[in-house]
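Chemist: Kindly return the folded structure for what I paste below:
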Amino acid sequence: MSENNLPQPAPRPKPLARRVARSVITFLLTPYLALTGIITVFQRSLIYHPTPDRSLNERSRQLSQFHIEPLTVRTTDGSTLNGWHIPADADSKNVGETDTAQQRPTVLYFCGNAGHRAFRLMDFALLQQCQCNVVCFDYRGYGDNPGSPSEASLAADAQVIWKYLTGERGLPAHRIIIWGESLGGGVATRLAAEASTAGTIPAGLVLRSTFSSLTDAAAYHFPWLPVRLLLVDRFPSISRIPQVKCPILIVHGERDTIVPFRLGENLFAAAPAKSANGVGKTLVRLPQADHNDVLETSGAEVRRSFREFLDTLSARDAHAAAPADK
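Modeler: Numbering: from 1, shown residues only. All right, here's what the predicted structure looks like:
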């Protein structure tokens, strides 16, 4: 019998432990990869939660506590964005209509990731009580605005709104305070940094309950996902805030379960110690506040800290305007 005709040994079976391990890995990895793929594809649906409302401007007439001036701007791609101007002075119904309106600060308000501008009436009332005019445009896809939101589109639209206020409306940049709530903090920080770099430094930047970056916030909520690799809209405020040259106020709840307080602390640590005109940065801790109940639990503290911020800005303006000693 030739060697070729000799009976071949039967293949050695793989160890049971190896087969079980491979089956377990396959069983766990398959749904994990599937879930990762779904989250990657639909990630913007997890980030942005708009509430459409085509009758928003019509219903604004029923808000008797405010005199609301509807605003519209044309974006760089030809879309139309709707917003509101709420003057601090009830006798002034248009942006920059009177000398008094020009002298009062205007807060350019960027909302969080849910609802629309009518959900922020408590915020607007607080700012109005502080003798500030308020301008707020909804993002694309929110309220009565068409389109879909993304980090790039929100940044481009913020630039259009900034140029509309400082150009067509004639508001001085040094009288505009940029305010960002939660996700809006990412939009506001980028706009403040870009405006500062362009030499049109805002009066101030106020950030409420916002993050160091969206990737940091996502990693907190999904530690088991490689979000730092998958996330498309990142809002890296922590790398942009060093370019902000205006005074900075950060307000954050210590009980925040959506954007942990430490993320606000990290953003504050990255901010310049002082503004270009010598105003130090400020972090206000709200011991009782979570993320969505800031005004309900800590409205008085927010109002007080913002008024102190305004007083600091006014004092700095007065000092800059005073004639030099001879």
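Chemist: you'd agree residue 55 is up against residue 118?
Modeler: No - judged on CB atoms under 8 Å, residue 55 makes no contact with residue 118 at a distance of 10.4 Å. Yep, even glycine has a C-beta here, placed from its N, CA and C like the rest.
Chemist: Neighbour count for these two, which is higher?
Modeler: Between residue 55 and residue 118, residue 118 has the larger neighbour count (other CB atoms under 10 Å), namely 18 against 9.
Chemist: can you pull the contacts of the more buried one?
Modeler: 53, 56, 59-60, 63, 143 (CB atoms under 8 Å, 6 or more residues apart in numbering).
Chemist: Roughly how far does it sit from residue 59?
Modeler: According to CB to CB, to the nearest Å, residue 118 stands 7 Å off from residue 59.
Chemist: Overlap of the contact sets of those two?
Modeler: residue 53.
Chemist: Can you name the element that comes right after the worst-scoring helix or strand of the chain on mean pLDDT?
Modeler: When each helix and strand of the chain is scored by mean pLDDT, DSSP states H and E, helix 99-103 comes last, with a mean of 56. Once the chain leaves helix 99-103, the next helix or strand it forms, by DSSP states H and E, is strand 106-110.
Chemist: Is residue 123 in a helix, a strand, or coil?
Modeler: helix (DSSP: H, G, I helix; E, B strand; the rest coil).
Chemist: Does it touch residue 294 like I think?
Modeler: No - counting by CB under 8 Å, residue 123 does not reach residue 294; the two are 9.0 Å apart.
Chemist: Contact partners for the nearest residue to residue 70 once chain neighbours are set aside?
Modeler: Spatial nearest neighbour of residue 70, chain neighbours left out: residue 57 (4.7 Å); criterion: CB to CB, 6 or more residues apart in numbering. Going by CB under 8 Å, 6+ apart, residue 57 touches 70, 82, 144.
Chemist: Considering the contacts of residue 118, which possesses the most neighbours?
Modeler: For the contacts of residue 118, the largest number of neighbours (other CB under 10 Å) sits with residue 143, at 26 neighbours.
Chemist: pLDDT score assigned to that one?
Modeler: You'll see residue 143 listed with a pLDDT of 96.
Chemist: Give me the distance between it and residue 83.
Modeler: 9 Å.
Chemist: so where's the stretch 51-200 of the chain shaky on pLDDT?
Modeler: Residues of the stretch 51-200 of the chain that meet the criterion pLDDT under 70 lie in 64, 90-102.
Chemist: mind listing the helices for it?
Modeler: For the stretch 51-200 of the chain, the helices defined by DSSP state H, counting those that start in this stretch occupy 56-60, 99-103, 121-129, 151-163, 183-198.
Chemist: contact partners of the third one?
Modeler: Helix 121-129 has contacts (CB under 8 Å, 6+ apart) with 63, 65-66, 86, 88, 107, 109, 134, 136, 179, 181, 295, 299, 302-303, 306.
Chemist: Same question for stretch 135-151: list its buried residues.
Modeler: For stretch 135-151, the neighbour count (16 or more other CB atoms under 10 Å) marks 135-145, 147, 149-151 as buried.
Chemist: now swap in stretch 74-93 and tell me
Modeler: 75, 81-88, 92.
Chemist: Pick the one among these closest to residue 284.
Modeler: residue 88 (22.1 Å; CB to CB).
Chemist: And for residue 174, nearest residue in space, chain neighbours not counted?
Modeler: Nearest to residue 174 is residue 203, by CB to CB, 6+ apart, at 5.3 Å.
Chemist: Hmm, residue 105 and that neighbour touching each other?
Modeler: Yes - Residue 203 lies in contact with residue 105 (CB under 8 Å); the separation is 5.9 Å.
Chemist: can you list residues touching both of those two?
Modeler: 175-177, 313.
Chemist: can you list those residues in JSON lines and add neighbour count and distance to residue 262?
Modeler: Putting the shared contacts of residue 203 and residue 105 into JSON lines (neighbours: other CB atoms under 10 Å; distance: CB to CB, whole Å) gives the following:
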{"residue": "175", "neighbour count": "21", "distance to residue 262": "33"}
{"residue": "176", "neighbour count": "25", "distance to residue 262": "30"}
{"residue": "177", "neighbour count": "28", "distance to residue 262": "26"}
{"residue": "313", "neighbour count": "22", "distance to residue 262": "28"}
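Chemist: Extract the CA atoms of stretch 185-198 and return them as PDB.
Modeler: Presented in PDB, the C-alpha positions along stretch 185-198 are these (Å, rounded to 0.1, in the frame of the first residue of the first chain):
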ATOM      1  CA  GLY A 185     -23.400  77.200  23.600                       C
ATOM      2  CA  GLY A 186     -21.500  75.500  20.900                       C
ATOM      3  CA  VAL A 187     -23.000  77.800  18.300                       C
ATOM      4  CA  ALA A 188     -22.500  80.900  20.500                       C
ATOM      5  CA  THR A 189     -18.800  80.000  21.300                       C
ATOM      6  CA  ARG A 190     -17.900  79.600  17.700                       C
ATOM      7  CA  LEU A 191     -19.600  82.800  16.600                       C
ATOM      8  CA  ALA A 192     -17.900  84.700  19.500                       C
ATOM      9  CA  ALA A 193     -14.500  83.300  18.500                       C
ATOM     10  CA  GLU A 194     -15.000  84.100  14.800                       C
ATOM     11  CA  ALA A 195     -16.300  87.600  15.500                       C
ATOM     12  CA  SER A 196     -13.300  88.200  17.800                       C
ATOM     13  CA  THR A 197     -10.900  87.000  15.200                       C
ATOM     14  CA  ALA A 198     -12.500  89.300  12.600                       C
END
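Chemist: Kind regards, and thank you for your time.
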